[in-house]
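Student: Let's see this in three dimensions:
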Amino acid sequence: LMPTPRGRLALASLRGKLYAIGGITSPGGVTGAVEVYDAVRNTWSSGASKLTPVANVAAATLNGKLIVPGGYTSSGTPTSAVEVYDPVADVWSSGTALPSPAFAYALAVYDGKLYLFGGTTGRGNVYLGQTLVYDPTTERWTARASMPTPRGFAAAETLDKAIYVVGGYDGRREFATCERYWPDRDVWESCAPLTVGRGGLGLAAIAGRLYAVGGGWSGYLAFGERYDPAANVWSPVETPLAAEWRNLAVAVYRTDLFAVGGWNGQSYLAVTEKYSPFPFQIFIPSP
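Tutor: Okay, here's the model as predicted:
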């Protein structure tokens, strides 16, 4: 189990380790905790806490470091701060701030750049359609073509030369929406929707397929989903928690998908689940 039960956290994979960052705990509230899972040894340890505790965030790996943009702070306000973690030195530093505060966005990496999609400022239940790209060579954020469907609590993942932004929530309903962004051409197109709406889901790419895990803002979902880009079809796969499970975080090590934390409608979770598509499709608890 993850040492600190929490949801709305970030998770990133680097060199055989998974870094669980921030989120919300009960009763502690918004946290800056960093806990490190060794996927080879099946053990957890602690890292240096994030400078600014945040929730409703994602993390991505660029040039051997972990980047966490924005988030929802312990004061109840969004932030534009971007903080960077060096896992070798176990040190946090400040990066180039977002153009404006945001949280509950989706995040992905393509061709050495960081892409941020959607989210919210928390004001007036307004959800964003923004697409921002961070170039580490210039250390600047720039705006690109907006998402066709503004939303937050979606998930993003790169597959081949496209970034898929899937699911989401806008304060009123969950989305089954799948939209595909082509960074090289700065254009969007639709892809087959999920079979059900999923807000606060996790998304990962393994062996040319996408795997959607969790979601279910107002009820439980008894299955995950796998996307075949050639057929443009989502199909059911098993889930380790046949209950409400949202605002979890996922990451991939080798060909295994790891899902940690989340909310089950009653409490924050410390679960660490491993999904292995090869040779069998099975979730394995990682205590």
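Student: For this structure, give me the ranges with low pLDDT.
Tutor: 279-284, 286-287 (pLDDT under 70).
Student: Nearest spatial neighbour of the residue nearest the centre of it, chain-adjacent residues omitted?
Tutor: Closest to where the C-alpha atoms of the chain average out (CA atoms, centre = their mean) is residue 58, at 4.7 Å. Nearest residue to residue 58 in three dimensions, chain neighbours excluded: residue 107, at 3.8 Å (CB to CB, 6 or more residues apart in numbering). C-beta coordinates here come from the backbone N, C-alpha and C atoms, glycine included.
Student: which ones are touching the residue nearest to the centre of the chain?
Tutor: Residues counted as contacts of residue 58 (CB atoms under 8 Å, 6 or more residues apart in numbering) are 10, 68-69, 105-107, 249.
Student: sorry, back to before: could you measure from the residue nearest to residue 58 over to residue 276?
Tutor: 25 Å (CB to CB, to the nearest Å).
Student: Tell me which of the two has more neighbours.
Tutor: For residue 107 versus residue 276, neighbours defined as other CB atoms under 10 Å are more numerous around residue 107 (25 against 15).
Student: before we move on, back to that, ok, so what distance separates the residue nearest to residue 58 from residue 131?
Tutor: For residue 107, the distance to residue 131 - CB to CB - is 11 Å.
Student: which residues do the two both contact?
Tutor: 115-117.
Student: Next, format those as JSON lines and append secondary structure.
Tutor: Formatted as JSON lines, the shared contacts of residue 107 and residue 131 follow (DSSP: H, G, I helix; E, B strand; the rest coil):
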{"residue": "115", "secondary structure": "strand"}
{"residue": "116", "secondary structure": "strand"}
{"residue": "117", "secondary structure": "strand"}
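Student: which one of these is nearest residue 4?
Tutor: Using CB to CB, residue 116 is the member of the shared contacts of residue 107 and residue 131 that lies nearest residue 4, at 25.4 Å.
Student: dump the residue contacts of that closest one.
Tutor: 69, 98, 102, 105-107, 130-134, 141.
Student: Identify the farthest-apart pair in those.
Tutor: Spanning the widest gap among these are 106 and 141, at 15.3 Å by CB to CB.
Student: Have a look at those two and say which one is more surrounded.
Tutor: Neighbour totals were compared for residue 106 and residue 141, and residue 106 leads with 26 against 20 (other CB under 10 Å).
Student: Quickly note the distance from the more buried one to residue 272.
Tutor: For residue 106 relative to residue 272 (CB to CB), the value is 22 Å.
Student: ok, now residue 123?
Tutor: 35 Å.
Student: ok, these two, which is more surrounded?
Tutor: residue 272 (21 against 9).
Student: Please name the nearest non-neighbouring residue to residue 39.
Tutor: Once flanking residues are discounted, residue 39 sits nearest to residue 253: 4.4 Å by CB to CB, 6+ apart.
Student: farthest pair in the contacts of residue 58?
Tutor: Among the contacts of residue 58, 69 and 249 lie farthest apart (CB to CB), at 14.8 Å.
Student: Now do the contacts for residue 153.
Tutor: Here residue 153 is in contact with 56, 104, 167-169, 199-201, 217, 246-247 (CB under 8 Å, 6+ apart).
Student: PyMOL command to pick out the buried ones of those?
Tutor: Command for PyMOL that selects the buried part of the contacts of residue 153, burial taken from 16 or more other CB atoms under 10 Å:
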select buried, resi 56+104+167+168+169+199+200+201+217+246+247
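Student: So which of the contacts of residue 153 sit within strands?
Tutor: Taking DSSP state E as the definition of strands, the contacts of residue 153 contribute residue 201.
Student: which one of the contacts of residue 153 sits closest to residue 211?
Tutor: Nearest member of the contacts of residue 153 to residue 211, counting by CB to CB, is residue 201, at 10.1 Å.
Student: Contacts only, for that closest one.
Tutor: By CB under 8 Å, 6+ apart, residue 201 lies in contact with 153-155, 166-167, 212-215, 246, 248.
Student: Pull up the gap between it and residue 90, please.
Tutor: Distance, residue 201 to residue 90, by CB to CB: 30 Å.
Student: Please apply the same query to residue 119.
Tutor: Distance from residue 119 to residue 90, by CB to CB: 28 Å.
Student: out of those two, which sits in the busier spot?
Tutor: Set side by side, residue 119 and residue 90 show more neighbours around residue 119, with 32 against 12, by other CB under 10 Å.
Student: Name the nearest residue to the more buried one, sequence neighbours excluded.
Tutor: Closest to residue 119 by CB to CB, 6+ apart is residue 105, at 3.2 Å.
Student: Thank you kindly, that will do.
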